[in-house]
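Novice: fold the following for me, if possible:
(chains A and B)
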There are 2 protein chains.
Amino acid sequence: MSDPACPACAGAWPDPGHRIAGLSLTVAYLHEDQFLPGWTILVLRRHATELWELTPDERAELLEEVTLVARALDEAYGAAKLNYALLGNQIPHVHWHLVPRRPDDPAPREAPWSIAHAPRRLGPAELEASLAELRLRLPH
Amino acid sequence: MSDPACPACAGAWPDPGHRIAGLSLTVAYLHEDQFLPGWTILVLRRHATELWELTPDERAELLEEVTLVARALDEAYGAAKLNYALLGNQIPHVHWHLVPRRPDDPAPREAPWSIAHAPRRLGPAELEASLAELRLRLPH
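Specialist: Down below sits the predicted model:
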């Protein structure tokens, strides 16, 4: 169940170098833009674009994996709140944005998409340290 | 399990006049700003702020209700894509934004929160018609 025209199915997105861990139904990646530290993308392994295309068992397991990764981000980044979003407006393949919002957040009342900012891409050492920190908290 | 300081627990938010339907764990309301038609808020009946505060059974049922309402919105509004988001940056009580993105969407690649717009509040007749249309598709 993959779509040859889908960059998530093709493995071209998210950047494989940002892979954190693989769970049963999903794979977690650090988002390329880390202006909100810990922003993670959790991608469904199979192709689907809406929740109603999944079975009830898949939905239940999916939300368990969302919760497991969110909890790991909460602990690793000392979040005041987690944001969870399944949008798919640019890449419709089911993926969740899991965004820890820390006490030093630049705009704590705003959605992650409404905060003007310069993109922040981690350097290689910082990326590896972030991935390693999260892998300690997740099966992979 | 309610928080006396929480506007969702107090019934002050969302506007009770926008109530669509009550499900097992959640209540659905039309969002006050209908600039994206069909934007719905699905509020957990009990107080919690993060998914990991729920039991696995609650999470599974919650996602079934999210999916049921999303499907109803898809059908009623002819959506090209649904957006699903649990943010809580202003009111941390667990609630989902379920936003049908129609083919005539003003900014189909953008998140609902990054689209500059004038708020659009429905008049009484349009509000009642929208609520009635959705109630046909949901238990209540």
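Novice: top helix in chain A by residue count?
Specialist: helix A:56-77 (DSSP state H).
Novice: how much does that helix deviate in direction from helix B:56-77?
Specialist: Computed by axes from the mean of the first three to the mean of the last three CA atoms, to 10 degrees, the angle separating helix A:56-77 from helix B:56-77 equals 110 degrees.
Novice: roughly how far is helix A:56-77 from the heart of the chain?
Specialist: Relative to its chain's centre, helix A:56-77 lies at 10 Å (CA atoms, centre = their mean, to the nearest Å).
Novice: can that helix be found next to chain B?
Specialist: Yes - on the criterion CB under 8 Å from any CB of the partner chain, helix A:56-77 is in touch with chain B at A:56, A:59, A:60, A:62, A:63, A:64, A:66, A:67, A:70, A:71, A:74. Heads up, the C-betas are built off the backbone N, CA and C, glycines and all.
Novice: now, which of those residues sits nearest residue A:45?
Specialist: Distance to residue A:45, by CB to CB, is smallest for residue A:62 among those, at 10.4 Å.
Novice: tally of neighbours for the nearest residue to the closest one once chain neighbours are set aside?
Specialist: With sequence-adjacent residues excluded and distances taken as CB to CB, 6 or more residues apart in numbering or on different chains, residue A:62 is closest to residue A:25, at 5.7 Å. Neighbours of residue A:25 under the rule other CB atoms under 10 Å in any protein chain shown: 19.
Novice: quick one, phi psi at residue A:25?
Specialist: The phi/psi pair for residue A:25 (degrees, to the nearest 10) reads phi -100, psi -10.
Novice: the spatially most central residue of chain A is in what secondary structure piece?
Specialist: Geometric centre of chain A, nearest residue: residue A:41, 1.8 Å, by CA atoms, centre = their mean. Here residue A:41, judged by DSSP states H and E, is contained in strand A:40-44.
Novice: what angle separates that strand from helix A:56-77?
Specialist: 160 degrees.
Novice: tell me where chain A has strands.
Specialist: Under the criterion DSSP state E, chain A contains strands at A:19-22, A:26-30, A:40-44, A:81-86, A:95-101.
Novice: so can I have CSV of these showing mean pLDDT and distance to residue A:116?
Specialist: As requested, the strands of chain A are exported to CSV (pLDDT from 0 to 100; distance: least, CB to CB, whole Å):
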stretch, mean pLDDT, distance to residue A:116
strand A:19-22, 98, 27
strand A:26-30, 98, 22
strand A:40-44, 98, 21
strand A:81-86, 98, 17
strand A:95-101, 98, 16
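Novice: thank you kindly, that will do.
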